[in-house]
Structure formats: C-alpha cells, structure tokens
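>>> 3D, please:
(one chain, ligands or ions: 1)
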Amino acid sequence: MKKLISSILVLMLMLALVACGGNSAGSEGSEASAEPSVITVGVVQTNANESDWRTANTKSFNEAFTEAGYETKMVFGEGDHAKQISQAQQLIQEEVDYLVVLGLQSAGWEDVAKASMEAGIPFIMADRKLELPEDLYTAMVCSDFEAEGNKAVDWLKSQAIDDCKIVVLGGDTGSSAQLGRSKAIEDGAGANGWDIVFNQNMKGWDETLAKQAVADLIASGKEFNVVYAENDNMARGACDAMDAAGITYGKDGAVTVIAFDANKWALEKVLAGEFNLDVECNPLHGPRIVKLINSLEAGETVEKNAYVDEEMFDCDTITQEIVDARTY
Ligand code: GYE
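Numbers count the residues shown, from 1 in each chain. Here you go, the predicted model:
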C-alpha cells in the first residue's frame, strides 16, 4: 500500500514540475515570450563629492543609462586607487556586461583590464585615459588634458604679460587630468621664460585646500600675477583667498585667473570678469557611452580612441547667450 501511495506522489510531483517548466511539447511560444536580458554596466567612478564636474559626470551616466534601460552598478573609489582596483575586480566577478572605468590614477590598471577582457567584458575608459596598451581596452571616451593645457598656454602667451609669475594648483596627483594639464603649463613656462612660483597638487581637487594654499602663499609674501587652477572649484578657492587679502584679479585685476572644466557657474564668473579664461572639459559622458555600447551590442566596429571636442571661454569674448546655453 505504501508503495502505491509513494508512486502516486512521485507521479503527481513529476506532473507538477512539467506544468511549471512550461517547456513540454505543446507549450510553443514560451521562448518567444522571454524578455531580452537587461544590459548591466559596471562603473568605477572616482569620488562622489569630488567637484561640480564630477557631480555632472555621475548624473550624466545615471540619467543616460536609466533612459537606455541599463542596470547600473556604480562604485566610488573615494581617493583610494587600490579600492578602485578591487571594486573593478568585484564587478568582473559579478559578470557585468560592460566595465566603464574612470581612474583616480592613470597607472596600475593592466591586470584588471586583462581580467576584464579575458572574461569577455568590454573594458571602456571614460573621462581619464589610463596607461594601457590598446589590446587591453575596448574603447576610450576621454578628454585630451595636455591639449586643454596647451590651449591655456597659447592664450596666456597671447596676453603678453610681463614677468609671468605663475601659481599652479594641480588636481589629484597621478590622474591623467593632472598629469596632462600640469605638463602643458610646465612645458609652456620653460618655452616662454615664465616663472612658476608655486606648483602643488591639491588632493581630491579640493577647493578648500586650494584656498588655504593660496592664502599661505600670500602670507609668505610670494608675488604672483597668474593663477593656473586645474579645475573651476580650485580657481574659486584661489579667488576667495585673494579676496580675503585684498588682491585684485580677473579682467581688470592684478592677477590673471585661468581655470578648467567650464561649469556654468564658472562661466558666469568669466562673464563677470572674475575668471579670465576657462577651458572646457565636458563631463557629459553618459550619452557617449550609451552610443558606444549600443554600437558594440549591434556588432559594429567602434572608434578605439574618441577624444571629446572641447572649447575655451575668454572674459573678453564670452556672452550671456553662451552661458545660458550651457547644460552643466
Ligand atoms: O577637471 C575635475 C574633476 O577628470 C577631467 O576631475 C576630470 C577632472 C575635472 O574632479 O573637476
């Protein structure tokens, strides 16, 4: 009797499993109802609250990826390169479909990039070019930071300032943005006989650190007539320090102020004559990466190294219309 009952139960269980499986003959069409799998994009970002540029950059990814229907897994290194490496390794283990990296440091990414490519996960550089051979990454959507710096150097040369004494406020040491922009002004000073009287990198591109560094410099009695700040926030910090010391700057001031990023609020300062020059570094990488991923998904050949087109804004030529048209 027991055997009969257990046989009936086994039969009932098998029938139940077949019904749930839905793959038995006669359930045609179940495959057709299968939802296309959602693309998961891992993003290794630098710092959450690094700068206004970074805020706009992170927002651009999140908005564009949401609109594209991607699942976004975004992590932040918060100033720690080793942490970014382990975060990237974790995303590879989670088998994301694409890995987008914005490196705090430009060096030290070979092993991660190799692991990503070997796992069949396209490795994409955004914002900051990393030191990688071309076979270790799928594509790059970055800015040419040395070119940005050279634009500023050419503009400064055109100003024909006598006896240039330059304060350089650098960004995060070892980031490609800092390396490129610093190389440009250092080479430019050498070529034009300019004197760099101060040259320090501010950890995290920090505005407060920049303000303090310039305040200390003023207190030391060091003379300068140009501030070359490698982002808008640090330029504003320098201006706050000069305000506190009664030093004039900008279009009609004693000190020429050069900034990078061209956030909308900073372009208002260019228009007001507080910043003399702002070199654009466009953070809106979200749509660019979506376009890239869509092309890869379609099996298309993509451009390996795409540099973002960027301009610069001068206090003598900028207009309110230009400022109003800015989207970040
Ligand atoms: O200039 C700065 C940001 O990587 C180009 O990082 C970016 C730089 C940008 O914090 O504001």
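
>>> Next, the contact list for the residue of the stretch 101-250 of the chain found nearest the ligand, please.
Residue nearest to the ligand within the stretch 101-250 of the chain: N231 (3.5 Å; CB to the nearest ligand atom). Any C-beta I mention is one placed from the backbone N, CA and C, and that applies to glycine too. Listed by CB atoms under 8 Å, 6 or more residues apart in numbering, the contact set of N231 reads 51, 53, 171, 205, 259-261, 281.

>>> Whichever of those residues end up buried, select them in PyMOL.
To isolate the buried members of the contacts of N231 in PyMOL, using 16 or more other CB atoms under 10 Å:
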select buried, resi 51+53+171+205+259+260+261+281
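
>>> okay if I get the contacts of N231 as TSV plus secondary structure and pLDDT?
Shown next, in TSV, are those (DSSP: H, G, I helix; E, B strand; the rest coil; pLDDT from 0 to 100):
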residue	secondary structure	pLDDT
S51	coil	96
W53	helix	97
G171	coil	98
W205	helix	97
A259	strand	98
F260	strand	98
D261	strand	98
C281	coil	97
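
>>> Any chance of the contacts of N231 in JSON lines with distance to the ligand as columns?
JSON lines is the format used below for these (distance: CB to the nearest ligand atom, whole Å):
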{"residue": "S51", "distance to the ligand": "4"}
{"residue": "W53", "distance to the ligand": "3"}
{"residue": "G171", "distance to the ligand": "6"}
{"residue": "W205", "distance to the ligand": "4"}
{"residue": "A259", "distance to the ligand": "10"}
{"residue": "F260", "distance to the ligand": "5"}
{"residue": "D261", "distance to the ligand": "5"}
{"residue": "C281", "distance to the ligand": "5"}
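
>>> Reformat the contacts of N231 as TSV; add distance to K222.
Converted to TSV, those look like this (distance: CB to CB, whole Å):
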residue	distance to K222
S51	26
W53	28
G171	21
W205	22
A259	21
F260	23
D261	26
C281	28
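
>>> returning to what we had before: now the residue of the stretch 101-250 of the chain closest to the ligand: how far from K264?
14 Å (CB to CB, to the nearest Å).

>>> One more: Y328?
6 Å.

>>> Same check on V153?
Here V153 is placed at a distance of 25 Å from K264 (CB to CB).

>>> Strands along the stretch 1-150 of the chain, start to end?
Counting by DSSP state E, counting those that start in this stretch, the stretch 1-150 of the chain has these strands, from start to end: 40-45, 71-76, 98-101, 123-127, 139-142.

>>> now these in TSV, with mean pLDDT?
Shown next, in TSV, are the strands of the stretch 1-150 of the chain (pLDDT from 0 to 100):
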stretch	mean pLDDT
strand 40-45	98
strand 71-76	98
strand 98-101	98
strand 123-127	98
strand 139-142	96
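
>>> For V227, find the nearest of the ones you listed.
For the strands of the stretch 1-150 of the chain, proximity to V227 was assessed by CB to CB; strand 123-127 is nearest, at 24.0 Å.

>>> got the buried residues for that closest one?
Applying 16+ other CB under 10 Å to strand 123-127 flags 123-127 as buried.

>>> swap in stretch 86-95?
Under the neighbour-count criterion of 16+ other CB under 10 Å, stretch 86-95 has 87-88, 91-92 buried.

>>> Tell me where this structure has helices.
All helices of the chain, identified by DSSP state H, fall at 2-21, 52-68, 81-93, 110-118, 145-159, 176-192, 207-219, 232-245, 264-271, 286-297, 320-324.

>>> Deepest-packed of the ones you listed, please.
Mean neighbour count (mean count of other CB atoms under 10 Å) peaks for helix 232-245 among these, with a mean of 22.

>>> Got the domain ranges for the chain?
The chain resolves into domains spanning 40-143+283-297, 145-281+314-324 when parsed by automatic domain parsing.
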